[in-house]
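**Q** this one's structure only:
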């Protein structure tokens, strides 16, 4: 079992699922909840990060003037409007940045409604990342995540990454300004974004470095499947 969500996240918690977890030979988790899983009776727990899919997540920036007008932004974020994410995005919208928000529920909050550009299929994600000066990678705190699927997808798509400062992100991207810029909140994100908007070569360098780090680092979903098969085979 690979736990894409934390079973103790109130939005997903289900007693039947917690009762079922100990019946698996191995439980894989991308977050630091291994001790909780062992206390819940799981026999073997392994940490396994998220990943990206090369056939979906590849650079595909806007190709013509119409696409550039449609997908251009200072900053893009793709994901649902969790309350802690709204606290990041609302000040950036209010500060006058051209923010592009894709995903559910951003239109329900007056502070983010005008930045909402609807839902995003795979092509839209590619174009939006390619059309943005920078892409914000936030984690889902309700899941106790230290990284997200976007942490791998955005670099694979060729985006310049602004990453929420977490241990997982630093393990993936290295120190600040090597492959990405780390930010700790909306004020910090605004400061760093202003710097990047004034420095196109820096954005291009960071995008190229994070792309290389991810696509050459064994972070495909196929690589994760190989890990799962090896662990499960060894466990028999």
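**A** Yep, it's here. Here the structure is a predicted model, which is why all the values come from computation and not from measurement.

**Q** three-state assignment of residue 104?
**A** For residue 104, the reduced secondary structure class is coil; criterion used: DSSP: H, G, I helix; E, B strand; the rest coil.

**Q** Next up, the contacts around it.
**A** Contacts were defined as Cβ atoms under 8 Å, 6 or more residues apart in numbering; by that measure residue 104 touches 80-81, 119. C-betas here are computed from N, CA, C, even on glycine.

**Q** Buried ones among the residues you listed?
**A** residue 81 (16 or more other Cβ atoms under 10 Å).

**Q** so can I have a markdown table of the contacts of residue 104 showing secondary structure and distance to residue 154?
**A** Rendered in a markdown table, the data for these read as follows (DSSP: H, G, I helix; E, B strand; the rest coil; distance: Cβ to Cβ, whole Å):
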| residue | secondary structure | distance to residue 154 |
| --- | --- | --- |
| 80 | coil | 16 |
| 81 | coil | 18 |
| 119 | coil | 18 |
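
**Q** If we only consider the contacts of residue 104, which is nearest to residue 57?
**A** residue 119 (17.4 Å; Cβ to Cβ).

**Q** What does that closest one show for phi and psi?
**A** When read as degrees, to the nearest 10, the backbone of residue 119 gives phi -80, psi 170.

**Q** for residue 162, same thing?
**A** Backbone geometry at residue 162, expressed as degrees, to the nearest 10, gives phi -100, psi 110.

**Q** What's the local residue count around it?
**A** Around residue 162 there are 24 other residues, counting by other Cβ atoms under 10 Å.

**Q** What confidence value was assigned to it?
**A** With respect to pLDDT, residue 162 scores 98.

**Q** The spatially most central residue of the chain and residue 161: what is the separation?
**A** The residue at the geometric middle of the chain, judged as the C-alpha nearest the mean C-alpha position with Cα atoms, centre = their mean, is residue 150 (2.5 Å). Relative to residue 161, residue 150 is positioned 9 Å away (criterion: Cβ to Cβ, to the nearest Å).

**Q** Pull up the overlap in contacts between those two.
**A** The contact sets of residue 150 and residue 161 overlap at 135, 137 (Cβ under 8 Å, 6+ apart).

**Q** burial measure for the nearest residue to residue 4 once chain neighbours are set aside, as a count.
**A** Residue nearest to residue 4 in three dimensions, not counting chain neighbours: residue 30, with 7.5 Å by Cβ to Cβ, 6 or more residues apart in numbering. Residue 30 has 24 neighbours, counted by other Cβ under 10 Å.

**Q** same thing with the one 3 residues further on?
**A** For residue 33, the tally of surrounding residues (other Cβ under 10 Å) stands at 21.
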